[in-house]
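Visitor: Sequence and predicted structure, then a few things I'm wondering about:
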Amino acid sequence: MSKLVSRFLVLVTLCFLAACADRPGPEFLHSPATTAPGTRTVTIYVATTRERDPNDSRAFTSGRADKVTYAEYTISIPPSHKPGNIEWPTRLVDPAKDFAVTNYRELEPTDFAREVAKPHNGAPPDIGVFVHGFNNNFQESLFRMAQMTADANVEGGSSVLFAWPSEGQVTGYVSDKDAVTYSRDQLAELLTMLAKMKTRGDITVIGHSMGGWLTTEAVRQLRLTGKNGVVARLNVILAAPDIDVDVFKAQMEVIGPLSPPMTILVSSDDLALRASEFLTGERARIGKLDVNDPRVEEATKKAGVMVVDISSLDAPDELKHGRFAELATLYPKLAKLNQSKVSLRQTGAFVLNAVGATLSSPFVLAGKVVGAGQ
């Protein structure tokens, strides 16, 4: 098969899979006044550069806003929730079966900061920030954050969604790249705001897909502007990042090694990133790195980053691009890795065993692990 035909088939497959998926509309941001027994709720704080929907105060469009809007959503999780999944409504929202938005309020910046930093059980909270990826509408990114928050089940934390104005269409790749560029100042400002709060521990930032590029650019900008104190508070995780390998090298030359190290979650069979490579002239993407390549091991140590192959996780989508969402269910086991021989704070290339939630090096010589963790 010729390379041209292969590229064409990848693009057609991507478009077909995207077209087959039903996209949730803004009507799913509303639910009946009644609640269902056995549900639990999570609170998601939102900072968005999207324009507000003129017909729905709870919804946001793909338009680019002049200023950041801050909001708070309370979302109920159904008793039948399966970890890693989002139980989307089919027509009318049924809290007994579906994710449901039970409350909403817009916040002023000072109120947003106060609410996010509000103590939990007398202690300042940990903060998790999620930066969604390409081809996501607002409600998709909001409910994904709710799913991860519910599945991680971490007490004493605040969940923040940074929602940038993605077109929410597979044909909007170029427009989305412009939209993340449009939003990088605002993400840097959000991280600066959060770093000034009286919170505990690291501020964990998860950037998925094109949101990984946005996250890396924001951290780069913080470094360039001398906000090293803000950078020092960040625990950066890039999930299936849609970043050109050479671009990433240039970004890391400015950012430098982080503590804890930047973590990159990769899958060599990610079809969405394969399509991205096609669209960008066969430029390799960071999210498709092969950890079995000794050159990757060498490069990760030199750059001071940790690369983890998560191919063993179940993919919630046909494109195998959303595996990172499953990690929330493994949070209690993964947290123990920080006390183990191979932890989440080391550099190098690793493979995740989803069953045991353990990390191992792909390089074994004469029964001895080579690389980090020796």
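Guide: Right, received. Where do you want to start?
Visitor: Give the next helix or strand downstream of the longest strand along the chain.
Guide: For the chain, the strand with the greatest residue count under DSSP state E is strand 60-77. Beyond strand 60-77 on the C-terminal side, the first helix or strand identified by DSSP states H and E is strand 100-107.
Visitor: Just the angle for that following strand relative to strand 60-77, thanks.
Guide: 120 degrees (axes from the mean of the first three to the mean of the last three CA atoms, to 10 degrees).
Visitor: Show me what strand 100-107 pairs with in its sheet, parallel or antiparallel.
Guide: The strands beside strand 100-107 in its sheet (DSSP bridges) come out as strand 60-77 (antiparallel).
Visitor: Just confirm residue 202 contacts residue 235, I think it does.
Guide: Yes - look at residue 202 against residue 235 with CB atoms under 8 Å: they come within range, at 3.8 Å. Placement of C-beta: from N, CA and C, glycine included.
Visitor: Counting neighbours, go ahead and name the busier of those two.
Guide: Neighbour comparison, residue 202 and residue 235: the larger count goes to residue 235, with 21 against 16 (by other CB atoms under 10 Å).
Visitor: show me what contacts that one?
Guide: The contact partners of residue 235, taken as CB atoms under 8 Å, 6 or more residues apart in numbering, are 202-205, 260.
Visitor: if we can go back for a sec, for the longest strand of the chain, the distance to its chain's centre please.
Guide: Strand 60-77 sits 17 Å away from the centroid of its parent chain (CA atoms, centre = their mean, to the nearest Å).
Visitor: Which neighbours do residue 202 and residue 235 have in common?
Guide: Here residue 202 and residue 235 have residue 260 as joint contacts, going by CB under 8 Å, 6+ apart.
Visitor: how distant is stretch 147-155 from the center of its chain?
Guide: Remark: stretch 147-155 is offset 14 Å from the chain centroid, using CA atoms, centre = their mean.
Visitor: Buried residues, that stretch. List them.
Guide: For stretch 147-155, burial by neighbour count (16 or more other CB atoms under 10 Å) applies to 147-152.
Visitor: In this structure residue 242 contacts residue 135, no?
Guide: No - between residue 242 and residue 135 there is no contact under CB under 8 Å: 10.6 Å.
Visitor: if we can go back for a sec, redo the contacts of residue 235 as CSV? Include pLDDT, distance to residue 124 and secondary structure.
Guide: Shown next, in CSV, are the contacts of residue 235 (pLDDT from 0 to 100; distance: CB to CB, whole Å; DSSP: H, G, I helix; E, B strand; the rest coil):
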residue, pLDDT, distance to residue 124, secondary structure
202, 75, 13, coil
203, 91, 12, strand
204, 92, 15, strand
205, 95, 18, strand
260, 89, 19, coil
